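For reference, the sequence and a predicted model appear below.
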Amino acid sequence: MKLSIIGTGYVGLVTGTCFAEVGHEVTCVDNDEAKVKMLQAGGIPIYEPGLEELVRKHTATGRLRFTSSTADGVENSEVVFIAVPTPPLPDGSVDLSFIERVARDIAGAMTSYKIVVDKSTVPVKTGEKVAETIKRYSKTKVEFDVVSNPEFLREGFAVEDLMRPDRVVIGVSSQRPVAAMREIYEPFDAPIVVTDINSAELIKHASNSFLALKISYINALSVVCEMTGANVMEVAQGMGMDKRIGRRFLDPSLGFGGSCFPKDLSAFVKIAEQTGYDFGLLKEVQRINAAQMDRFMKKISDTLWVLKEKRIGVLGLAFKQNTDDVRMSPALEVCQRLLKEGATLRVHDPKAMEKAKALLPPSERVEYVADMNAVAEGCDALVIATEWDEFKRLDLERARREMTHPILFDGRNLYDVAEMEALGFIYKSIGR
Ligand code: NAD
């Protein structure tokens, strides 16, 4: 089918590329001219495993093309997907101005029946507003349907998740767009759940909030483990083997971050508040998450005492492994807090160093180190802030030799406590 995607970021670019991979003809639109030029010239603005090869393949097959004109995208497609940002406003609610802008642009460009599909994460009832807006701004008064099709991809595994989704959610207000939506997703061989639009929109916020809740649950347990001498990793394993619970999202850490969980959680709290329900459970999830970061920072300051003039190596800048995304990254928050206390940093990330430089500029006190094994050189302590697999294979003998003091704060529990102590490290991790 002929499809267009408005917004060519982490969601839009990967979705468009995977649609091309299964045979659709896709136009990716973005109003960031520099991004479009880069993509047209064969560059890729984000890191996602497997993405570059697929983008190259389908710009060559001609099934994937890039433009900065929404009208071009709308004209050349039967179905128009919206994948623009929905960032948080200062009060935690969602800034829907990007969605509204695109709805007006689509309305102005429609000359025949279109299915307009919202893929961005939006508050319940946004679909109704999108439909009203398109109706109001459409010049030709052609027919259209609005569909909600929330995206559940994980950054770092986006291609894999899009090619093999657990489920596809399609929220509709009439049956007319259902056949086309099924046809688009048929090659992905995933269960399709058809709901009303409000339910589809809620499924997304409810899912992300539940996953954040699971993380905060294990992080809260890690505190109880530290206080009782239990080992949170063993507790997580024992709990996770229960099929009703599952082991995933039971990894204790310095807290969740990224461009989705924090904002979607605040949005859901706000959405509930606007309906008159105080979602205290989710407020507690937020509180636990903030406290987990505070506890980690306290471990560092309790051990090193004064941080001023201490040289600290930080491994990891991305908000999680396999991505270059540093939006709301807990790793960057660690860096910023250490800097505030007067420490000097040597930092490294396998993929996120370029993106991190905008938020953590290189300076006399922040040195970007290309080799992960050179980070520890001359450091008073080392911090693991992101769970990259490569950090499980650090040259620890070298680190111990080159550090002024072999102290390691592991915010991701990548190493075994006994092994680290046998190697001569003072090793502080989470919940053990
Ligand atoms: P992003 O910032 O990476 O990409 C959004 C793109 O939209 C940018 O390239 C921007 O230039 C473009 N854009 C903004 N306004 C535009 C306009 N008027 N016309 C054309 N292009 C425009 O954002 P993202 O991470 O891809 O997220 C997009 C949406 O998907 C958000 O609602 C997010 O919550 C949701 N989502 C994100 C993820 C994720 O892991 N990143 C997962 C599921 C859902």
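Received, thanks.

and Ile271, which of the three is it?
Secondary structure for Ile271, judged by DSSP: H, G, I helix; E, B strand; the rest coil, is helix.

Run a quick check on it versus Thr121, I expect a contact.
No - using Cβ atoms under 8 Å, Ile271 is not in contact with Thr121, being 11.4 Å away. Any C-beta I mention is one placed from the backbone N, CA and C, and that applies to glycine too.

shared neighbours, those two?
His205 (Cβ atoms under 8 Å, 6 or more residues apart in numbering).

These two: which is more packed in?
Under the neighbour definition other Cβ atoms under 10 Å, Ile271 and Thr121 were set side by side, and Thr121 has more, 24 against 21.

you'd agree that one is in a helix?
No - Thr121: not assigned to a helix; according to three-state DSSP it is coil.

quick one: contacts for it?
Taking Cβ under 8 Å, 6+ apart, one finds Thr86, Pro150, Glu151, Lys204, His205, Asn208, Cys260, Asp264, Ala267 in contact with Thr121.

So for the fourth one, what's the pLDDT?
Think Lys204. With respect to pLDDT, Lys204 scores 98.

Buried by neighbour count: which residues of the lengthiest helix in the chain qualify?
Identified as the longest helix of the chain according to DSSP state H is helix 197-228. For helix 197-228, a neighbour-count test (16 or more other Cβ atoms under 10 Å) marks 197-198, 200-205, 208-209, 211-223, 225-226 as buried.

Show me which residues of the stretch 251-400 of the chain sit near the ligand.
Ser259, Cys260 (Cβ under 6 Å from any ligand atom).

Let me see the ranges of the strands in the stretch 251-400 of the chain.
311-315, 344-348, 366-368, 381-384 (DSSP state E, counting those that start in this stretch).

Which among those is found nearest to Glu48?
strand 344-348 (20.3 Å; Cβ to Cβ).

Partner strands of that closest one, with direction?
According to DSSP bridges, strand 344-348 forms sheet pairs with strand 311-315 (parallel), strand 366-368 (parallel).

from the middle of its chain, how far away would that strand be?
24 Å (Cα atoms, centre = their mean, to the nearest Å).

and what of stretch 206-219?
Distance, stretch centre to chain centre, for stretch 206-219: 14 Å (Cα atoms, centre = their mean).

And the contacts of it?
121, 152, 232, 236, 249-253, 255-256, 260-261, 264-265, 268, 281-282, 284-285, 288-289, 292, 430.

which ones among these are found in helices?
232, 236, 261, 264-265, 268, 281-282, 284-285, 288-289, 292.

Widest-spaced pair of those?
Farthest pair in these, by Cβ to Cβ: Val232 and Phe268, 26.5 Å.

Nearest residue to Gly23 in space, ignoring adjacent ones along the chain?
Pro187 (6.6 Å; Cβ to Cβ, 6 or more residues apart in numbering).

Repeat that for Gln237.
By the measure of Cβ to Cβ, 6+ apart, the closest residue to Gln237 outside its immediate chain neighbours is Arg247, 7.0 Å from it.

near the ligand, which residues of the stretch 101-250 of the chain show up?
Within the stretch 101-250 of the chain, the residues that sit near the ligand (Cβ under 6 Å from any ligand atom) are Arg101, Val102, Ser120, Thr121, Glu151, Leu153, Glu155.

Filter the residues you listed down to just the buried residues.
Among these, those classed as buried by 16+ other Cβ under 10 Å are Val102, Ser120, Thr121, Glu151, Leu153, Glu155.

Can you add pLDDT and give the residues you listed back as JSON lines?
Listed next are these as JSON lines, based on pLDDT from 0 to 100:
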{"residue": "Val102", "pLDDT": "98"}
{"residue": "Ser120", "pLDDT": "98"}
{"residue": "Thr121", "pLDDT": "98"}
{"residue": "Glu151", "pLDDT": "98"}
{"residue": "Leu153", "pLDDT": "97"}
{"residue": "Glu155", "pLDDT": "94"}
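
I'd like those residues as TSV, with distance to Leu317 appended.
Shown next, in TSV, are those (distance: Cβ to Cβ, whole Å):
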residue	distance to Leu317
Val102	31
Ser120	26
Thr121	24
Glu151	25
Leu153	21
Glu155	14
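
pLDDT score for the residue nearest to Gln237?
98.

Spit out the contact partners of it.
Ala236, Gln237, Met239, Gly240, Met241.

Tell me the one of those nearest Asp410?
Ala236 (15.4 Å).

and Val194, what element?
Per DSSP states H and E: Val194 is located in strand 192-196.

what about Arg432, neighbour count?
Applying other Cβ under 10 Å, we find 20 residues neighbouring Arg432.

nearest residue to it other than its sequence neighbours?
Nearest non-adjacent residue to Arg432, counting by Cβ to Cβ, 6+ apart: Asn231, 4.9 Å away.

thinking the one you found is in contact with Ser429, fair?
No - using Cβ under 8 Å, Asn231 makes no contact with Ser429, being 10.0 Å away.

circling back to that earlier point, could you give me the buried positions within the strand holding Val194?
Result for strand 192-196 [16+ other Cβ under 10 Å]: buried residues Val194.
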